[in-house]
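>>> kindly return the folded structure for what I paste below:
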Amino acid sequence: MNLPEISIKRPVFAWMLMIGLILFGWISFRMMGVSVLPDVDFPVISISLTYDGAAPEIIETDIVDVVEDAVMTIQGVRGVSSHARHGTAMVSVEFDLGRNIDAALQDVQSKLAQAQRDLPREMDPPIVTKTNPEDQPILWLTVSWDGHSQIELMKHVRDKIKDKFTTVSGVGEVFLGGYVEPNLRVWVSRDKLARYELTMGDILQSLRNEHSELPAGEITTPRLEYNVRTMGEARSIDDFSRIAVNERGGRPNYVPVYLKQVARVEEGLADVRRISRFNSKPAVGLGIRKQRGSNAVEVAKAIKKKIAELQNQLPQGMGLDVNFDTTKFIEDSVSELSFTLFLSALLTGLVCWLFLGSWTSTLNVLLAMPTSIMGAFIILYFAGFTLNTFTLLGLSLAVGIVVDDAIMVLENIIRHKESGKPRFIAALDGSKEIMFAAVAATVAIVAIFLPVAFMSGVIGKFFFQFGVTMTATVLFSLLEALTLTPMRCSQLLESGARRGLGKLTDSVFKKMAGVYQKCLVFTLSNRWKILMASVLVFCVSLFITKTLNKEFVPVQDQGFFLIRLQMPIDSSLAYSDVKFAEVEKFLASRNEVKRYFSAVGGMGGGEVNSGMILV
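Numbering: from 1, shown residues only. Have a look, this model is predicted:
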């Protein structure tokens, strides 16, 4: 007993199979993540190095060279490149495509831990990250507070706003752009140091010793035990000003000298190496990264809902806005897919009705589409895929393919029914006769798209999801054609003489058949000429292919653009800020510009003579 026979003789089983595929496919579709691109790790590891105040030459010789020597011994390294600048450096390690990038990340971290003893103690710990398009922010928020100090703005963003978004479901990380850490500034007087015969070394050593809280252990008695705490850290500016400078030249200072006697202590910010503004107002940017595999659209909706909740809690004059939203284009893509699927189903049904001339036959073919498409969502969900550009491309292309097998089986069953057989017998004989041909046609299509999943290189990693999507959808269409289509034909199929528009369509097809017959006679009479013309067209097409422009993804107009400004090498932050303000003034005068965010020195505080403006 073959598959069509099982389904025809047990229609309840077939109906339940169809309903189950559609139901669980819909559940899988609702649970799938949505993103622009597939979750693909590039074979590149980035190492971020920070050594505040160091010159690029020092960064290169004392840090970058040590790191490069350490990572060059890792298996599978294809190349190492680095870029050093004032206070920071970036080392990129490229691996072979076959190298497991997670294992490579662990190897890089191990090598850096071994090389730590050769790096300066004062530098920040290296930050090791993988390169993945999914790690790009899906939202950029801006917090502006006109009329207030930068210190208050930075503190409020750090203590009151950032944590509100990190707890939102699906948020992987919230990082700050244009943020400067609040701290205490100690302005030491050279004349007062000379008066008390002190040096800057004495001040720094006293701050290290006196402004620290060391573990003090516990006091134990026969009956009780007490935890002891040394309250060594200053809790206010006044307490900090009363720190005693108790050493002079490494020896005890028996004359009490307090910090406030030789310096002025005030609340301030760390060294300002970046300035950020939103619509010419001082601001801080918040980049929202989603967790891998999560639904970017749903995460963005949750973030916007949280923004609406926080609006009433913000201080007077503070603004919290969405400056850049990538999920808008993702949502538009998904909506476009839904429209494409609906339009494809409508046109497919119309074409089927014109050819088959029966509403029951048309309905039978149309039911093949949701079964195949929804069934494919089950495979995509458990494979860990997301709804992205490549899976949506595969689904859009598969809409016109999934009905082929159903039409093939349906036409053969109609042929048997029109010969006088009952629906049940026609479904059995027709499906059994065409089963091998349907399998062969499906295998031919799979042979076209399945190799795409085995493409090598970074491009292959992206097209892997496309190949799997097409293959799964086509195989589900074969399952549908061999089980559900014969079952529905045995119960619903009606055929007869064509009338009205169907009769007109038949006459048009007969005329087209006559034209085709004449063309066929001409081609068979001129075989060598046709073959030579085909070879010529093929060769010309190969030549034209080399002249076509090539790009990774199609050009999209998403309604924003990025301006990068580079000042002369020796430009100061203040000079760069003035030039940025001139560009902002021009942008503000343009009616088509809705908003803009400026970052002098870059988002993370790079070179002070450069920056960017997101418009």
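
>>> surely residue 88 is in contact with residue 53?
No. Shown here, residue 88 and residue 53 do not form a contact pair, counting by CB atoms under 8 Å, at 10.8 Å. The C-beta positions use only the backbone N, C-alpha and C, and glycine is treated the same way.

>>> quick one: which of those two has more around it?
Shown here are residue 88 and residue 53; by other CB atoms under 10 Å, residue 88 has more neighbours (23 against 9).

>>> return the residues in contact with that one.
48-51, 59, 606 (CB atoms under 8 Å, 6 or more residues apart in numbering).

>>> try 6 Å
Contacts here follow CB atoms under 6 Å, 6 or more residues apart in numbering; on that basis residue 88 touches residue 50.

>>> which pLDDT value goes with it?
Per-residue confidence at residue 88 stands at 82 (pLDDT).

>>> how far away is it from residue 575?
20 Å (CB to CB, to the nearest Å).

>>> same thing with residue 514?
80 Å.

>>> the two: which is more packed in?
Taking neighbours as other CB under 10 Å, residue 514 and residue 575 compare with residue 575 leading, 14 against 10.

>>> so that one belongs to a helix, correct?
Yes. Per DSSP: H, G, I helix; E, B strand; the rest coil, residue 575 lies within a helix segment.

>>> nearest spatial neighbour of it, skipping sequence neighbours?
residue 567 (6.6 Å; CB to CB, 6 or more residues apart in numbering).

>>> could you do residue 392 as well?
Nearest to residue 392 is residue 337, by CB to CB, 6+ apart, at 4.9 Å.

>>> wasn't residue 486 part of a helix?
Yes. Assessed with three-state DSSP, residue 486 lies in a helix.

>>> number of nearby residues for it?
34.

>>> ranges for the strands of the stretch 451-600 of the chain?
562-566, 597-600 (DSSP state E, counting those that start in this stretch).

>>> where exactly do the helices run in the stretch 1-150 of the chain?
3-9, 11-31, 56-58, 65-71, 101-115, 150-156 (DSSP state H, counting those that start in this stretch).

>>> need the ones you listed in TSV (columns: mean pLDDT).
As requested, the helices of the stretch 1-150 of the chain are exported to TSV (pLDDT from 0 to 100):
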stretch	mean pLDDT
helix 3-9	80
helix 11-31	87
helix 56-58	85
helix 65-71	88
helix 101-115	87
helix 150-156	83
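
>>> could I have stretch 407-419 exported to CSV, CA atoms only?
The C-alpha coordinates for stretch 407-419 follow below in CSV (Å, rounded to 0.1, in the frame of the first residue of the first chain):
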residue,chain,number,x,y,z
ILE,A,407,-1.2,20.2,-10.3
MET,A,408,0.7,17.2,-11.9
VAL,A,409,-1.2,14.7,-9.7
LEU,A,410,-4.5,16.6,-10.1
GLU,A,411,-4.3,16.7,-13.9
ASN,A,412,-3.7,12.9,-14.1
ILE,A,413,-6.6,12.2,-11.7
ILE,A,414,-8.9,14.4,-13.8
ARG,A,415,-7.8,12.5,-16.9
HIS,A,416,-8.9,9.2,-15.4
LYS,A,417,-12.1,10.7,-14.1
GLU,A,418,-13.0,12.1,-17.5
SER,A,419,-12.5,8.6,-18.9
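
>>> in the chain, where is pLDDT below threshold?
1, 133-134, 147, 293, 356-357, 494-502, 552-556, 602-612, 615 (pLDDT under 70).

>>> which parts of whatever helix or strand residue 347 lives in are buried?
Using DSSP states H and E, residue 347 sits within helix 327-356. Of the residues in helix 327-356, 327, 330-331, 333, 337, 341, 344-345, 348-349, 352-356 count as buried by neighbour count, 16 or more other CB atoms under 10 Å.

>>> with stretch 62-70 instead?
Applying 16+ other CB under 10 Å to stretch 62-70 flags 63-64, 66-68, 70 as buried.

>>> likewise stretch 421-432?
421, 423, 426-432.

>>> hmm, who's touching it?
4, 8, 409, 412-413, 416-417, 486, 489-490, 493.

>>> identify the farthest-apart pair in these.
Spatial extent of those (CB to CB) is set by the pair 4 and 417 at 14.9 Å.

>>> neighbour count for the two, which is higher?
The residue with more neighbours, out of residue 4 and residue 417 and counting by other CB under 10 Å, is residue 4; that gives 30 against 21.

>>> one step back: surely the residue nearest to residue 575 and residue 577 touch.
No. With contact defined as CB atoms under 6 Å, residue 567 and residue 577 do not form a contacting pair (10.0 Å).

>>> all helices of the stretch 151-300 of the chain, in order?
Under the criterion DSSP H, counting those that start in this stretch, the stretch 151-300 of the chain contains helices at 162-166, 190-195, 200-210, 237-241, 259-262, 296-310.

>>> want to throw the ones you listed into a markdown table with distance to residue 390 and mean neighbour count?
Listed next are the helices of the stretch 151-300 of the chain as a markdown table, based on distance: least, CB to CB, whole Å; neighbours: other CB atoms under 10 Å:
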| stretch | distance to residue 390 | mean neighbour count |
| --- | --- | --- |
| helix 162-166 | 29 | 15 |
| helix 190-195 | 64 | 12 |
| helix 200-210 | 55 | 15 |
| helix 237-241 | 57 | 14 |
| helix 259-262 | 62 | 18 |
| helix 296-310 | 15 | 17 |
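
>>> closest to residue 444 out of those helices?
Nearest of those (CB to CB): helix 296-310, 36.4 Å.

>>> packing partners of that closest one?
If you count contacts as 3 or more CB pairs under 6 Å, 6 or more residues apart in numbering; DSSP states H and E, helix 296-310 packs onto strand 281-290, helix 327-356.

>>> to residue 523, which of those lies closest?
helix 327-356 (24.6 Å).

>>> just give me how far the closest one sits from the chain centre.
With CA atoms, centre = their mean, to the nearest Å as the basis, helix 327-356 stands 26 Å off its chain's centre.

>>> need phi/psi at the nearest residue to residue 42 once chain neighbours are set aside.
Distances taken as CB to CB, 6+ apart place residue 131 nearest to residue 42, at 4.1 Å, with adjacent residues excluded. Backbone torsions of residue 131, given as degrees, to the nearest 10, read phi -100, psi 120.

>>> so residue 131 touches residue 44, yeah?
Yes. Counting by CB under 6 Å, residue 131 does reach residue 44; the two are 4.3 Å apart.

>>> who's more crowded, those two?
Between residue 131 and residue 44, residue 44 has the larger neighbour count (other CB under 10 Å), namely 19 against 15.

>>> what about that one, distance to residue 192?
Taken as CB to CB, the span from residue 44 to residue 192 is 53 Å.

>>> next one: residue 308
For residue 308 relative to residue 192 (CB to CB), the value is 53 Å.

>>> equivalent analysis for residue 440, please.
For residue 440, the distance to residue 192 - CB to CB - is 94 Å.

>>> residues contacting residue 289?
For residue 289, the contact set (CB under 6 Å, 6+ apart) comprises 137, 172-173.

>>> by neighbours, which of these wins?
When neighbours are counted by other CB under 10 Å, residue 137 leads the contacts of residue 289 with 19 neighbours.

>>> quick check, that one in contact with residue 286.
No. Under the criterion of CB under 6 Å, residue 137 makes no contact with residue 286, lying 8.8 Å away.

>>> distance of the nearest residue to residue 299 once chain neighbours are set aside from residue 301?
Nearest residue to residue 299 in three dimensions, chain neighbours excluded: residue 170, at 3.9 Å (CB to CB, 6+ apart). Distance of residue 170 to residue 301, computed by CB to CB: 10 Å.
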